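Undergrad: okay, predicted coordinates and the sequence, questions at the end:
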Amino acid sequence: MTHMELTRRSFVVTAAAAGGGLMLGVSTARSAAINPTPWMAATSKDGTEISHWIVIDPDGLITVRVGQQEMGQGAFTSMPMLVNEELHADWTMIRAEYADANRHVRNDKLYKRMGTAGSGGVRRSRVYLQEAGASVRERLKAAAAAAWGVDASTVAAKDSVLTSGNNSGTYAEFASAAASIALAEEPAIKTPDQYQLLGTSIARLDTPLKVNGSAEFGIDARIPGMAYAAVMACPVPGGKFLAGRRLPDPFDASTIMDRPGVIQVVQIDRVPGKEANNDLLDSVAVVADTYYQAKTALELLAVNWNYGTGVHVSTAGLFAQADARLGQPGRVTGSEGDAMGILSTAANAITSTYQRPYEGHAMMEPENATVSIAEGRVDAYVGSQNPPGVISTIADQLGIDPVTVYAHNYFLGDGFGRRYLFDNVRQAAEIARQVGRPVKMVWSRDEDTLQCKQRPMGGIRFSASLGADGLPEAWFSRTYGSGRVVTDMRYAVPNRHHEEHNINSNIPTFAHRAPGAGVNGFMLESFADEVALAGGWDPLEWRLALTQDKADWQLVLNTMKAKSGFTTDLPKGEGMGIAIVESHGTICGMCATVTVSRRGQLRVEKVTVALDPGHIINPLNVTMQGESGVAFELSHAWIGGLDIKGGQVANSNFDNYHLLRIENMPEVETILALSGGEKWGGCGEPTVPPLGGAVANAVFFATGKRMYSTPFKNHDLSWS
């Protein structure tokens, strides 16, 4: 054996086949073709499509097509649950597969919405997915009624079986007839008080695939004749190739063309006037027989860059610029009463400034895309938060009709908003066009971090004055970054004034997990504790006092009060802190318990999460989102944070951009405090914003030290 491809995935698959025992996983390279997978396999040729959402096979297997993208948030289970609440099928016979983005584009948005962002999967898909399940159920009942000669109202549907009197038959038996039935009137869908499946804990359908290694992500794509591309754009965002009449070419490709496996060096030029996040950057790609060959050759290629004015940007300089801006009036984003007048004469005003640096998306799976251009057809293999956007972007880049572009969607190794962009797809399409063969483009981890559209840095200067009862009577904030959460603050303060500034930087930004709220939750809730303590209030009672007219907030706060055991009376070195933020239609309260050693070593011991999205689909999945949100925010607020030096990200890999390690993961208890009614909030993003404030407030009670910035690791928390 002179060559083999041993990967982590092949090892996992082989080990799983060994029944949990240790067996050396040695496998040759994968088949050149895209292997059908359990979640994307073509429906049986004998299966019947009763609805574009639902296909029933002769053996009773029911495929539910999912228009939302699975990136760890549970869409592949929640969406079929919504359908099956009305379909009444045997859950063990349900499987999920991605809806066809190409069919969606060609048939006037057939699957309603295929973009997945903003914690909107359930709350924006619920009604039409319930309707799809109800419609198919009634059509199956109508088909059975016709066959049995009975009234459809006498037919019952349960666990994939139809019955009426002594008559009985499976869904599969009547699927073909049901497909041709048009109902005179579509059935009404259930209300939450009628749910039987929704609201129960169901094991996720994608978990076995990810545990046994059979789940495939975009980076796993293999197609015949494929070459590999490694890419490098200017490391300073906004920079470009150095060019001019007397200047050398941007690079000399001949210096690496004799490297093993190298096929071609591709120059990618940005289009003047098109410099948005989804457009091309000046880049160079090395295409080779293997990714290793492409990457190692690229590392040896000397590129002449014009870094531009962005080379002078640094974290320290940006914070200095921001601090100066916060001392000047900004654009007014909200005002009520006479906050500025009251604060100008107040003797007891509290003023503090908080800030957060840029933070990366740090996705487990770096950006990648595989593109094949053939006569009359383009195929793209990629995990994207918006597959229809993949189609339109490639069509735009290649100047072709979108109907000739086919997107093949895969699981996403994290998204956090970053995979809602299409710059990677545009880049892969351009490389494939220039090379003239299928190309799999993969960004290295460093490239993925350097070219990531970061979570914006942010800062807020607060001021508040107290009334005779110790509660705030005036509140002021001046923000840079996103001030939305602060402007929409739910605390009842009679006099409020909010302003906002923009900070100029070459660092591109985009949505993150809980954009806006994820940055400002730490700042707002830390200052809220400052104001509460200055007025002599217990922080939890303070929040209860200022939200008395908001029943859902009261529910969450009282649930947290009853379940968390929150107290400010703990020994030195121990602390509990609370915070509460509303985002994406959901109220999330958190209580963090921490210990801090005398030398300043922080441990987050436990986090209690109280969540009110109104209604939920799967409690087990909500619990996972609580744990996920805690891990995510601790990664960024505690030990993360990007450092900008010379206009570029200095910590571009996991050796110097640290994420939470398993030994530092706290115990997480997620408690539901559901207000019901018309509220349908998200659960993926709201579990992030409160945690930074809760931990910071807990650290204050443990040490007496207030942390005014993240990451927390940069603070001296020692005490005596």
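TA: Noted; the coordinates are in hand.
Undergrad: where do the strands sit along the stretch 601-720 of the chain?
TA: Secondary structure of the stretch 601-720 of the chain (DSSP state E, counting those that start in this stretch): strands located at 602-612, 644-645, 648-649, 667-672.
Undergrad: of all those, which lies closest to Asn368?
TA: strand 648-649 (19.4 Å; CB to CB). (Each C-beta comes from the backbone N, C-alpha and C, glycine too.)
Undergrad: partner strands of the closest one and their direction?
TA: Looking at strand 648-649 with DSSP bridges, its partner strands are strand 644-645 (antiparallel).
Undergrad: how far does the strand it pairs with sit from its chain's centre?
TA: Relative to the centre of its chain, strand 644-645 is centred 25 Å away, using CA atoms, centre = their mean, to the nearest Å.
Undergrad: cool, stretch 512-529 as well?
TA: Centroid displacement of stretch 512-529 relative to its chain, using CA atoms, centre = their mean, is 17 Å.
Undergrad: same question for it, mean pLDDT?
TA: Mean pLDDT, computed over stretch 512-529, is 95.
Undergrad: of all the strands of the stretch 601-720 of the chain, which lies closest to Thr370?
TA: Thr370 lies closest, by CB to CB, to one member of the strands of the stretch 601-720 of the chain: strand 648-649, at 26.2 Å.
Undergrad: separation between Asp643 and Tyr358?
TA: As judged by CB to CB, to the nearest Å, Asp643 and Tyr358 stand 9 Å apart.
Undergrad: residues that sit against both of these two, list them.
TA: Thr315, Val649 (CB atoms under 8 Å, 6 or more residues apart in numbering).
Undergrad: have a look at the two and say which one is more surrounded.
TA: Tyr358 (21 against 15; other CB atoms under 10 Å).
Undergrad: pretty sure the more buried one is touching Arg455, no?
TA: Yes - when contacts are counted by CB atoms under 8 Å, Tyr358 is listed as touching Arg455 (6.5 Å).
Undergrad: shared neighbours, these two?
TA: Thr509.
Undergrad: picking up where we left off before, I'd like the strands of the stretch 601-720 of the chain as JSON lines, with mean neighbour count appended.
TA: Output for these, formatted as JSON lines (neighbours: other CB atoms under 10 Å):
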{"stretch": "strand 602-612", "mean neighbour count": "23"}
{"stretch": "strand 644-645", "mean neighbour count": "20"}
{"stretch": "strand 648-649", "mean neighbour count": "24"}
{"stretch": "strand 667-672", "mean neighbour count": "17"}
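Undergrad: these: which one's closest to Ile256?
TA: strand 648-649 (23.1 Å).
Undergrad: what is the mean pLDDT for the closest one?
TA: Here strand 648-649 scores 96 as its mean pLDDT.
Undergrad: run through who's touching it.
TA: Strand 648-649 is contacted by residues Pro235, Val236, Pro237, Tyr358, Gly360, Thr449, Leu450, Cys452, Gln454, Leu642, Asp643 when judged by CB under 8 Å, 6+ apart.
Undergrad: top of the residues you listed by neighbour count?
TA: Ranking those using other CB under 10 Å puts Cys452 first, with 29 neighbours.
Undergrad: dump the residue contacts of the residue nearest to Gln625 when sequence neighbours are not counted.
TA: Spatial nearest neighbour of Gln625, chain neighbours left out: Cys683 (4.6 Å); criterion: CB to CB, 6 or more residues apart in numbering. Shown in contact with Cys683 (CB under 8 Å, 6+ apart): Gln73, Ser119, Val122, Thr586, Leu611, Pro613, Ile616, Asn621, Val622, Gln625.
Undergrad: export those to JSON lines and tack on pLDDT and distance to Tyr228?
TA: Listed next are those as JSON lines, based on pLDDT from 0 to 100; distance: CB to CB, whole Å:
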{"residue": "Gln73", "pLDDT": "93", "distance to Tyr228": "30"}
{"residue": "Ser119", "pLDDT": "91", "distance to Tyr228": "35"}
{"residue": "Val122", "pLDDT": "92", "distance to Tyr228": "38"}
{"residue": "Thr586", "pLDDT": "97", "distance to Tyr228": "42"}
{"residue": "Leu611", "pLDDT": "97", "distance to Tyr228": "43"}
{"residue": "Pro613", "pLDDT": "97", "distance to Tyr228": "43"}
{"residue": "Ile616", "pLDDT": "96", "distance to Tyr228": "43"}
{"residue": "Asn621", "pLDDT": "96", "distance to Tyr228": "36"}
{"residue": "Val622", "pLDDT": "96", "distance to Tyr228": "40"}
{"residue": "Gln625", "pLDDT": "95", "distance to Tyr228": "35"}
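Undergrad: ok, of these, which one's closest to Ala349?
TA: So of the contacts of Cys683, ranked by how close each gets to Ala349 (CB to CB), first place is Thr586, at 32.9 Å.
Undergrad: wait, that closest one touches Gly684, no?
TA: No - using CB under 8 Å, Thr586 makes no contact with Gly684, being 9.6 Å away.
Undergrad: residues shared between the contacts of those two?
TA: Common contacts of Thr586 and Gly684 (CB under 8 Å, 6+ apart): Ser119.
Undergrad: the two: who's more crowded?
TA: Neighbour comparison, Thr586 and Gly684: the larger count goes to Gly684, with 31 against 25 (by other CB under 10 Å).
Undergrad: got a list of contacts for the host helix or strand of Ala297?
TA: Assigned by DSSP states H and E, Ala297 falls within helix 291-299. With CB under 8 Å, 6+ apart as the test, helix 291-299 has contacts from 228-232, 256, 259-262, 284-288, 440, 442, 444.
Undergrad: dump the residue contacts of the closest residue to Gln554 other than its chain neighbours.
TA: Distances taken as CB to CB, 6+ apart put Thr547 closest to Gln554, at 6.1 Å, once the chain neighbours are dropped. For Thr547, the contact set (CB under 8 Å, 6+ apart) comprises Arg490, Tyr491, Ala492, Trp553, Gln554, Leu557.
Undergrad: can you select the buried ones among those for me in ChimeraX?
TA: Applying 16 or more other CB atoms under 10 Å to the contacts of Thr547 leaves a buried subset, and the ChimeraX line that selects it is:
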select :490,491,553,554,557
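Undergrad: and which of the contacts of Thr547 is nearest to Val405?
TA: Closest to Val405, out of all of the contacts of Thr547 and judged by CB to CB, is Arg490, at 45.0 Å.
Undergrad: for the closest one, which residues are in contact?
TA: Residues in contact with Arg490, defined by CB under 8 Å, 6+ apart, are Thr547, Lys550, Trp553, Glu582.
Undergrad: just to be sure, the last one is in a strand?
TA: Yes - residue state for Glu582 (DSSP: H, G, I helix; E, B strand; the rest coil) corresponds to a strand.
Undergrad: not counting its neighbours along the chain, what's nearest it?
TA: Arg490 (6.2 Å).
Undergrad: that concludes my questions; thank you for your assistance.
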